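Engineer: Model the following, please.
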Amino acid sequence: RDAPPAWFEVTVYRHTPLFHLEHCLFCARLSSATGPDNCGRPCDKHRIRLLDARTGAQHEVRADAGCRNTVFLEQPQNDTDWVAPLRKAGLRMFRLELLDETPLEAARIVAEYHRLLRRDRT
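Structural biologist: Modelled structure (predicted):
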């Protein structure tokens, strides 16, 4: 309440990182390399998902420029319930973080949030 709302940008849709790895799963599973210097960057060409055998969820694995991996929660978190109270508090900047959505899915998500922010949808 004491900070100006313009200071904040709230993420209301995201694939939450579950954990980060210094070890590269792409290099270990898709290459015979000994390390990032000679792996051939299979992460640029392939996708990896980790299967949670308990739930059947398939969590996306992404490599960054430093060959570290991040495992993302399969189901995106959607904080639509917070949009109205945050707008009432004066916040106007909201972020949608897409990960592996198709262009059609991305367009649908952006359109739904646009309607929500225009107050055409609850």
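Engineer: can you give me how far the helix-or-strand element of the chain with minimal mean pLDDT is from the chain middle?
Structural biologist: Every helix and strand in the chain was compared by mean pLDDT, DSSP states H and E; the lowest is helix 25-30, with a mean of 88. Mean-position distance between helix 25-30 and its chain equals 21 Å (C-alpha atoms, centre = their mean, to the nearest Å).
Engineer: Next, the residues that contact that helix from outside, please.
Structural biologist: 33, 35-36, 39, 41-43, 46, 48, 50, 61, 63, 67, 69 (C-beta atoms under 8 Å, 6 or more residues apart in numbering). Where you see a C-beta, it was placed from the backbone N, CA and C, and this is true even at glycine.
Engineer: how near is the residue nearest the centre of the chain to L73?
Structural biologist: Central residue of the chain (C-alpha atoms, centre = their mean): H15, 3.1 Å from the mean position. Applying C-beta to C-beta, to the nearest Å, the value for H15 to L73 is 6 Å.
Engineer: residue ranges with poor pLDDT in this protein?
Structural biologist: Along the chain, the model assigns pLDDT under 70 to residues 120-122.
Engineer: In it, spot the helix with the most residues.
Structural biologist: helix 103-117 (DSSP state H).
Engineer: so what does it touch, helix or strand wise?
Structural biologist: strand 10-14, helix 83-88, strand 94-96 (3 or more C-beta pairs under 8 Å, 6 or more residues apart in numbering; DSSP states H and E).
Engineer: Given the shortest one, what are its sheet partners and their directions?
Structural biologist: Sheet partners assigned to strand 94-96 using DSSP bridges are listed as strand 10-14 (parallel).
Engineer: and the next element down the chain from the partner strand?
Structural biologist: strand 17-21 (DSSP states H and E).
Engineer: picking up where we left off before, so which of the contacts of helix 25-30 belong to strands?
Structural biologist: I48, L50, V61, A63, N69 (DSSP state E).
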